[in-house]
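Participant: with the input below, show me the fold.
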Amino acid sequence: MLRRLYDRLLRLAASPAAPWWLALVSFAEASFFPIPPDVMLIPMALARPRAAWVFAAICTAASVAGGACGYLIGDAVFEQIARPILALYGYGPAYAAFAAKFQEYGVWIVLIKGLTPIPYKIVTIAAGAAQMAFWPFMLASLITRGTRFFLVAALLHYLGDPVRDFIERRLTLVTSAVAAGVVGGFLVLKVF
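Facilitator: Now for the predicted structure:
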């Protein structure tokens with residue numbers, strides 16, 4: 001089923017309404033949808049390299065808006081469903097410790113995870129559940145999602161088709177290396 005959905009998104013990327021579909025997929029992926037917008041961004045940017053920047057901007061704006069929706073889902077669902085379950089099992093103190101860590105490192109979590117192909121909805125919903133401050137969350141989302149999508153657009157714009165295979169095969173490795181560098185830099189700053 002997931003493969004059929006993936007193939008359908010590739011077909012939508014070739015349609016005249018592709019920018020609208022790109023926005024919808026970007027929004028949904030940040031809050032509940034399983035497939036990242038790269039599935040549409042890559043073929044669209046390859047087909048129209050000069051529009052790659054516009055497509056990256058669409059992805060960024062829609063993903064940040066979807067992130068706000070994911071945040072609200074995490075906040076609402078957590079209070080109504082998860083908190084009573086945690087209390088029933090006596091995990092209230094453990095959750096309080098998690099929420100405190102998320103409050104302390106939440107911006108870094110959003111910045112690092114937002115660069116990777118790890119589903120962004122996990123970060124957005126967790127930020128809402130932990131009640132991370134909303135505006136720092138939104139700013140971190142704008143920075144990290146913009147960096148991610150504009151990096152893909154730049155690679156496709158300047159390098160074209162040869163980079164498509166590289167991105168599809170090794171995007172996780174590249175973005176994970178960037179995320180590790182950010183974490184490493186943060187740890188170095190914290191130690192000194």
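
Participant: for the residue nearest the centre of the chain, which non-adjacent residue is spatially closest?
Facilitator: What sits nearest the mean C-alpha location of the chain, by CA atoms, centre = their mean, is Y120, with 3.3 Å. What sits nearest to Y120 in space, not counting adjacent residues and going by CB to CB, 6 or more residues apart in numbering, is A30, at 4.9 Å. Glycine gets a C-beta too; all of them are placed from N, C-alpha and C.

Participant: for D75, same thing?
Facilitator: Nearest non-adjacent residue to D75, counting by CB to CB, 6+ apart: G128, 3.9 Å away.

Participant: starting at the chain centroid, how far to the helix or strand hosting the one you found?
Facilitator: Using DSSP states H and E, G128 sits within helix 120-129. Centroid separation for helix 120-129 versus its chain: 10 Å, with CA atoms, centre = their mean, to the nearest Å.

Participant: re the thing from before, contact partners for the residue nearest to Y120?
Facilitator: Contacts were defined as CB atoms under 8 Å, 6 or more residues apart in numbering; by that measure A30 touches 62-67, 69-70, 120-121, 124, 141, 145.

Participant: buried subset of the residues you listed?
Facilitator: Buried residues within the contacts of A30, counting neighbours by 16 or more other CB atoms under 10 Å: 62-67, 69-70, 120-121, 124, 141, 145.

Participant: pretty sure the residue nearest to D75 contacts Y71?
Facilitator: Yes: at 3.9 Å, G128 counts as touching Y71 under the criterion of CB atoms under 8 Å.

Participant: show me the shaky parts of this structure.
Facilitator: 1-3, 5-7, 9-10, 117, 161, 163-164, 167-192 (pLDDT under 70).

Participant: and the helices in the chain, which stretches?
Facilitator: For the chain, the helices defined by DSSP state H occupy 2-13, 18-29, 38-47, 52-77, 83-88, 92-115, 120-129, 134-159, 161-191.
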